[in-house]
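> missing the sequence, but the structure's below:
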Ligand SMILES: Cc1cc2nc3c(=O)[nH]c(=O)nc-3n(C[C@H](O)[C@H](O)[C@H](O)COP(=O)(O)OP(=O)(O)OC[C@H]3O[C@@H](n4cnc5c(N)ncnc54)[C@H](O)[C@@H]3O)c2cc1C
């Protein structure tokens with residue numbers, strides 16, 4: 001159920017509180033609420049998206065950002081590798097998160113991407129051999145609306161057909177499709193056709209058909225695939241317009257871990273707190289997750305102290321290790337004779353846009369059932385002998401090319417007032433440069449400082465340079481001779497040798513919006529990194545991170561598919577932990593109970609977390625509850641231990657924890 005008023009929340013504490021109703025958050029919430037006795041609350045800063053028309057229309061993906069009602073409206077700090085330019089940095093702020101506003105391309109990562117995670121964390125279950133089972137839970141290939149045969153456009157054995165998120169090959173063909181294929185088919189072409197670019201067991205190198213997270217002409221997101229599919233579950237609760245301000249420490253375990261089972265959030269003018277019985281799970285994405293950690297006193301002590309934030313866990317890895325893909329739009333002017341075959345004129349004409357929207361609404365026909373691209377490809381540069389490879393292995397790409405039948409310079413509707421264009425975007429998919437996400441101030445509502453430090457490593461500028469040369473070779477094929485009139489813009493026109501290509505790259509490169517790594521996974525005892533292989537936060541108790549921020553390196557493909565697979569796998573990790581952690585036996589009375597605990601409160605006004613509360617409906621133990629309580633004084637009580645609380649088991653089987661003022665024996 002989706003609630004927009006905290007007063008309507010059915011409980012005051014939930015088994016799991018998930019921060020962020022995005023790609024990972026909703027996937028996880030769906031899986032955890034498969035058990036009707038598990039209550040999950042998702043706190044989402046953005047709004048619900050039902051009925052918001054542009055969002056489900058695949059062709060309109062690029063106008064859902066950068067600065068719209070669905071985004072966080074961030075910018076990157078001046079980039080030293082990009083002539084000190086700054087630019088918009090879209091992140092989804094709506095149910096479904098980025099999966100509701102992204103450009104739909106979906107891949108699983110290469111097998112080498114996953115195997116590298118397994119190696120870096122010394123945890124074999126992150127390897128592709130284990131992860132590929134989750135494709136069946138996530139992926140659901142559907143036939144294109146134009147009814148064309150997709151035989152040869154993909155390999156069925158690599159996919160799922162019964163999972164939660166729909167995926168489709170192009171719904172219709174574009175005027176440039178035949179030219180792309182002709183380029184691949186010309187004798188001795190260096191560019192080879194790849195009949196499936198999804199990754200995993202299949203090498204992604206080569207050029208193939210884009211696969212989209214859409215089906216029957218409609219976007220498929222974490223919201224449609226994982227929330228709507230489970231919307232009837234009363235134990236799956238989402239509170240929208242709830243911006244998490246920080247995590248609150250609720251105690252310290254016997255072995256010195258700091259417990260964080262309370263979350264402070266803003267809703268309108270209210271500041272409220274909610275409690276997790278089992279875990280708080282951060283799924284706020286690669287920018288907001290490290291922001292929330294730092295606001296909560298978990299981060300680099302030196303940085304936090306400068307902002308007068310009390311340091312609870314000193315971990316300089318929080319907010320560091322930011323990897324992102326870069327995007328360079330290589331734009332060509334199209335010849336007059338074929339100018340009407342690009343989409344630029346249509347997209348300048350509001351009446352024609354509305355006609356297309358109406359076709360989409362009426363019966364899912366017209367151009368807008370499709371993504372803006374149909375083909376893309378992946379390639380590698382030649383490394384010097386002994387040079388370290390930033391890609392995870394020899395079958396993973398360094399850069400990507402993507403072919404768009406229109407003008408695309410940056411997210412949004414922007415295009416020149418006249419002319420027709422063909423854009424080949426090139427992306428660095430194995431970046432070596434890393435940057436940071438840091439707090440600008442202690443104000444939780446202030447945007448963080450996002451500094452990806454794009455192209456600050458030599459490999460990255462070389463790979464981008466080579467990607468431009470590859471585009472020039474690709475478009476020099478005969479298939480483009482009656483299509484391309486020339487290059488658009490002085491910077492591209494002047495890019496004739498290595499130095500001028502580098503200058504062009506630094507002048508126009510922006511983000512491809514795949515940030516990862518800012519709360520990265522590492523081995524259990526490795527002090528670097530933020531979470532262990534089980535995604536629990538190091539030094540903390542009751543706090544897990546499940547989103548793009550935990551990837552220790554940049555995936556070498558588009559990122560959303562990896563986030564879904566990560567969340568599916570983590571749901572299994574959490575479920576296994578539930579089974580292995582048996583609630584302690586306790587002398588509880590029917591319907592009303594009290595509890596013992598292992599914590600001590602230091603002062604009469606401190607927060608105390610009760611560990612080991614057992615909630616019972618008589619003889620059956622139905623849950624282990626931990627809840628923060630306010631210690632206000634001392635008086636007698638019939639419970640043993642240092643603190644007590646009361647809980648009721650309601651007739652519907654849900655557990656409500658009512659923390660009345662608690663009394664400590666002196
Ligand atoms: C414009 C754009 C285009 C993209 N195109 C593609 C593409 O074509 N293919 C691809 O594979 N990937 C693409 N990506 C990237 C991909 O979508 C993301 O990597 C992935 O969806 C991230 O998932 P996540 O769960 O980590 O975060 P998100 O999906 O961003 O979820 C985070 C959620 O947390 C919420 N949140 C954040 N802070 C708070 C807070 N303080 N309180 C409460 N809630 C909070 C957010 O509002 C959001 O809903 C694109 C991204 C963007 C922005």
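Cool, got the structure. All of these numbers come straight from a predicted model, not from anything done at the bench.
> Can you name the residue of the protein nearest the ligand?
residue 22 (1.8 Å; Cβ to the nearest ligand atom). No exception for glycine: its C-beta is placed from N, CA and C like everyone else's.
> helix, strand or coil for residue 333?
Put simply, residue 333 is strand when judged by DSSP: H, G, I helix; E, B strand; the rest coil.
> picking up where we left off before, need phi/psi at the residue of the chain closest to the ligand.
Here is the backbone geometry of residue 22 (degrees, to the nearest 10): phi -100, psi -150.
> State the number of residues packed around it.
Residues within reach of residue 22, counting by other Cβ atoms under 10 Å, total 34.
> hang on, isn't it packed against residue 282?
No - Residue 22 is not in contact with residue 282 according to Cβ atoms under 8 Å; the separation is 11.1 Å.
> Give the residues shared as contacts by those two.
Common contacts of residue 22 and residue 282 (Cβ atoms under 8 Å, 6 or more residues apart in numbering): residue 547.
> What ranges in the stretch 551-666 of the chain fall below the confidence cut-off?
580-666 (pLDDT under 70).
> how about 90 then?
Low-confidence segments of the stretch 551-666 of the chain (pLDDT under 90): 578-666.
> How about the residues of it by the ligand?
By the rule Cβ under 6 Å from any ligand atom, the part of the stretch 551-666 of the chain lying against the ligand is 558, 559, 560, 561, 563.
> List the contacts of the nearest residue to residue 218 once chain neighbours are set aside.
Spatial nearest neighbour of residue 218, chain neighbours left out: residue 56 (4.8 Å); criterion: Cβ to Cβ, 6 or more residues apart in numbering. Residues near residue 56 by Cβ under 8 Å, 6+ apart: 218, 219, 224.
> Next one: the closest residue to the second one other than its chain neighbours from residue 64, what distance?
Excluding the flanking residues, the one nearest residue 219 by Cβ to Cβ, 6+ apart is residue 56, at 4.6 Å. As for residue 56, its distance to residue 64 is 10 Å (criterion: Cβ to Cβ, to the nearest Å).
> need the contact list for residue 463.
Taking Cβ under 8 Å, 6+ apart as the criterion, residue 463 is in contact with 381, 398, 399, 428, 430.
> ok so it is a helix residue?
Yes - judged by three-state DSSP, residue 463 forms part of a helix.
> Write out the residues of the stretch 151-300 of the chain neighbouring the ligand.
Counting by Cβ under 6 Å from any ligand atom, the residues of the stretch 151-300 of the chain close to the ligand are 242, 243, 244, 283, 284, 285, 286, 288, 292.
> quick one: the third one is in a strand?
Read it as residue 244. Yes - with three-state DSSP as the criterion, residue 244 is assigned to a strand.
> show me what contacts it?
19, 20, 43, 45, 263, 264, 265, 284, 292, 444.
> can you check the fifth one too?
For residue 284, the contacting residues are 19, 20, 22, 25, 244, 291, 292, 547, by Cβ under 8 Å, 6+ apart.
> Out of those residues, who's the most crowded?
Neighbour tally across those (other Cβ under 10 Å): the maximum, 34 neighbours, falls on residue 22.
> Next one: that residue, what pLDDT does it get?
Residue 22 is assigned a predicted lDDT (pLDDT) of 98.
> which one is it nearest to, not counting chain neighbours?
residue 97 (2.1 Å).
> count of residues packed around the one you found?
Residues near residue 97, counting by other Cβ under 10 Å, number 33.
> Ramachandran angles for it?
Dihedral angles of residue 97 (phi, psi; degrees, to the nearest 10) stand at phi 60, psi -140.
> Who are the contact partners of it?
20, 21, 22, 23, 24, 25, 26, 46, 91, 222, 285.
> Counting neighbours, what do you get for the fourth one?
Burial of residue 23 is recorded as 34 neighbouring residues (other Cβ under 10 Å).
> Excluding chain neighbours, give the residue nearest to it in space.
With Cβ to Cβ, 6+ apart as the criterion, residue 23 has its nearest non-adjacent residue at 4.3 Å, and that residue is residue 99.
> Pretty sure that neighbour sits against residue 226.
No - using Cβ under 8 Å, residue 99 is not in contact with residue 226; the gap is 9.2 Å.
> Do you have the strands of the stretch 201-350 of the chain handy? List them.
With DSSP state E, counting those that start in this stretch as the criterion, the stretch 201-350 of the chain has strands at 206-209, 214-215, 218-219, 236-239, 243-248, 251-252, 258-259, 262-267, 270-282, 298-299, 313-314, 326-334.
> ok, the residue lying closest to residue 31 once chain neighbours are set aside - contacts?
Excluding the flanking residues, the one nearest residue 31 by Cβ to Cβ, 6+ apart is residue 571, at 3.4 Å. Each residue near residue 571 by Cβ under 8 Å, 6+ apart is listed here: 27, 28, 31, 32.
> try 7 Å this time
Contacts for residue 571 (Cβ atoms under 7 Å, 6 or more residues apart in numbering) come out as 28, 31, 32.
> Repeat that for residue 20.
Taking Cβ under 7 Å, 6+ apart, we find residue 20 in contact with 44, 97, 283, 284, 285, 288, 547.
> same thing with residue 395?
When contacts are counted by Cβ under 7 Å, 6+ apart, residue 395 touches 110, 112, 203, 205.
> What is the neighbour count of the third one?
Going back to what we said before, that points to residue 203. Residue 203: 18 neighbours (other Cβ under 10 Å).
> what's the distance between it and residue 378?
The gap separating residue 203 from residue 378 is 9 Å, by Cβ to Cβ.
> just to revisit the earlier point, doesn't the residue nearest to residue 23 lie inside a helix?
Yes - under three-state DSSP, residue 99 sits within a helix.
> And the helices in the stretch 151-300 of the chain?
With DSSP state H, counting those that start in this stretch, the ranges of helices along the stretch 151-300 of the chain come out as 177-185, 222, 285-295.
> With respect to residue 71, which of these lies nearest?
With Cβ to Cβ as the measure, helix 285-295 is the member of the helices of the stretch 151-300 of the chain nearest residue 71 (11.3 Å).
> returning to what we had before: would you check which pair of the contacts of residue 395 lies furthest apart?
Put simply, by Cβ to Cβ the two of these set farthest apart are 112 and 205, 11.5 Å from each other.
> In helices, which of the contacts of residue 97 fall?
Among those, the ones falling in helices (DSSP state H) are 23, 24, 25, 26, 222, 285.
> didn't the second one look like it was pressed against residue 565?
I take that to be residue 24. No - between residue 24 and residue 565 there is no contact under Cβ atoms under 7 Å: 10.0 Å.
> where in the stretch 51-200 of the chain is pLDDT low?
Where the stretch 51-200 of the chain drops to pLDDT under 90, the residues are 51-53, 146, 188.
> Go again with 50.
In the predicted model of the stretch 51-200 of the chain, no residue satisfies pLDDT under 50.
> Going by residue numbers, what spans are strands in it?
For the stretch 51-200 of the chain, the strands defined by DSSP E, counting those that start in this stretch cover 74-75, 88-89, 139-141, 165-167.
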